[in-house]
Structure formats: structure tokens, C-alpha cells
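*Asks:* build me a structure from this.
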Amino acid sequence: MSSYLVCIPTYNEAENIDSILDRVLALNIPDLAVLVIDDKSPDGTAAIVERRSDSRIHLLKREKKDGLGPAYLAAFAWGMNSGFDYFIEMDADGSHQPEELPALLAASAQSDLVLGTRWMPGGSVHNWPIYRKAISRIGTRYAQFALKMPYRDLTGGFRVISRNLLETVDIAQIETLGYGFQIEMAMRTFDAGLRISEVPITFIERVRGASKMNNQIVLEALEKTTQWGFQRRFNRR
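*Replies:* Next up, the predicted model:
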């Protein structure tokens, strides 16, 4: 039987972490554990996780906040060393619905990367203003065009990653720190010829706490995607 590790990066998510942990564990999925990767949150997020007595909950404390990519890479290394077969990326703020996790895990049986997809039939986004929807959709469309990949949500953060992917792709070469990490992981998976599938999800904007999205993160993703696009065109000549 496969084992699953839900990886939840946190920074100042004290208002949300208990709720998301409760919802994940209430699914009662066999051989599933949760790893919270906390980047030294000043609001006490890590202390809340430490007070939980459930043996399925683990905590990885990091000494500084240096981006989504490094947090996930640290989680993957921890999970690989612990023998897990699949790794789930999930936000702590409730924007990703744990109740949709069984559908993503079902797709992972035939895929190395499952993309929880907002912009496909059956997917949706709630409580986002028009400009946020536009940024997300334009970002994915641009990545599709620049990188010549057909997937409809390249910036989304609700995903399942197989151990085979992490053993095949040289993740030590990952360059991005912010949400461009999601684009880069999909690109490297695609280039390795591994299997990618899409599953519709419902994304609900956080109710409590502050978003970590900022202009620097958006610019990093845009700059790196453009750079990769040019590299791929020149390499194919």
C-alpha cells in the first residue's frame, strides 16, 4: 500500500493551522501523515503544531523564511528519508479543500504529477477579485505559450508528486524561490517525459490571515518563465 505525506508550508498561520490539520486527518486516509514546514513564524504557528498529540502530525522547523520552493524541497527530503511514496502540496490557509484530496490521490496511481486545476471544467475559484483571476489565468497562459506545455493550471499549489518524480528529476537544480517553483516543477517533470494529469479543484480565498503573494514573487515567476522559454527554443535548434 502506498504512503502519503501532506506537506504544508507555514508562515504566520496560527489562525488556520488547527482547522486544516483537523480537516486533513478527518479524511482517515490509510498511511497518510502531515508534515508542517514552519519558517520560524513569529505568531506561534509551530507551537500550535507541537501541542498536537496525533502521531500522524510532524513538524519541520526552519530557521528563516526564504521562499516556497526551499520549504517544499526541505519537506521532500524529509519525506524521502522517511520512506513516503507520494507527496501532497497544500496551503495552510484553507484555499485548498482537503475533502478533494481523495480525487487527486486516485489520479496519482497513474501519474507522477497531479495538478489540482482551477481553470478546467469542474474547477472554480471563489472570493477572488477579477484582477487576481486575471493574473492567475494570464500567468498560466503565458507559461503554456513560453514553455510549450498544454496544462491549464501551471501556477496552482494543490498537487500530488510521486517518489518516482523526485528520484528522476534533479530537484537540486531548482532555481525558483516563490510560486515560480510550481511552474518549474511542472516543466522539469514534463521534460523528463513523466506522466502528468489534471484534476479539477475548488479554490477558496483565505478568510483569516494575510496572503504571502507579492510583486516580487510574480516578477520572479515571469522572469524565470521567459528565460526558460528562450533556453528551450535555442536548445531545440
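*Asks:* report the contact partners of Glu89.
*Replies:* By C-beta atoms under 8 Å, 6 or more residues apart in numbering, the contact list for Glu89 reads 7, 72, 157-161. From N, CA and C alone the C-beta is placed, and that goes for glycine too.
*Asks:* separate out the buried members of those residues.
*Replies:* The neighbour-count test (16 or more other C-beta atoms under 10 Å) marks 7, 72, 157-161 as buried among those.
*Asks:* what does the longest helix along the chain contact?
*Replies:* Longest helix of the chain, by residue count under DSSP state H: helix 215-235. Applying C-beta under 8 Å, 6+ apart, the external contacts of helix 215-235 come out as 135, 139, 142-143, 145-148, 155, 175-180, 183-184, 187.
*Asks:* of those, buried ones?
*Replies:* 139, 142-143, 146-147, 155, 176-180, 183-184, 187.
*Asks:* JSON lines for these, including distance to Asp43 and pLDDT?
*Replies:* Shown next, in JSON lines, are these (distance: C-beta to C-beta, whole Å; pLDDT from 0 to 100):
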{"residue": "Gly139", "distance to Asp43": "29", "pLDDT": "89"}
{"residue": "Tyr142", "distance to Asp43": "34", "pLDDT": "95"}
{"residue": "Ala143", "distance to Asp43": "33", "pLDDT": "95"}
{"residue": "Ala146", "distance to Asp43": "37", "pLDDT": "96"}
{"residue": "Leu147", "distance to Asp43": "37", "pLDDT": "96"}
{"residue": "Thr155", "distance to Asp43": "26", "pLDDT": "93"}
{"residue": "Thr176", "distance to Asp43": "26", "pLDDT": "93"}
{"residue": "Leu177", "distance to Asp43": "22", "pLDDT": "90"}
{"residue": "Gly178", "distance to Asp43": "21", "pLDDT": "88"}
{"residue": "Tyr179", "distance to Asp43": "22", "pLDDT": "85"}
{"residue": "Gly180", "distance to Asp43": "26", "pLDDT": "92"}
{"residue": "Ile183", "distance to Asp43": "29", "pLDDT": "96"}
{"residue": "Glu184", "distance to Asp43": "29", "pLDDT": "97"}
{"residue": "Met187", "distance to Asp43": "34", "pLDDT": "97"}
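*Asks:* and the nearest residue to Met120 once chain neighbours are set aside, what does it touch?
*Replies:* Of all residues not flanking Met120 in the chain, Arg152 sits nearest, at 4.9 Å (C-beta to C-beta, 6 or more residues apart in numbering). For Arg152, the contact set (C-beta under 8 Å, 6+ apart) comprises 117, 119-120, 140, 144, 198.
*Asks:* now the buried members of the residues you listed.
*Replies:* 117, 119, 140, 198.
*Asks:* pull the contacting residues for the last one.
*Replies:* When contacts are counted by C-beta under 8 Å, 6+ apart, Glu198 is found next to 114-115, 117, 120, 151-153.
*Asks:* which residue, other than its chain neighbours, is closest to it?
*Replies:* Glu198's closest residue in space is Thr117 (C-beta to C-beta, 6+ apart), at 4.4 Å.
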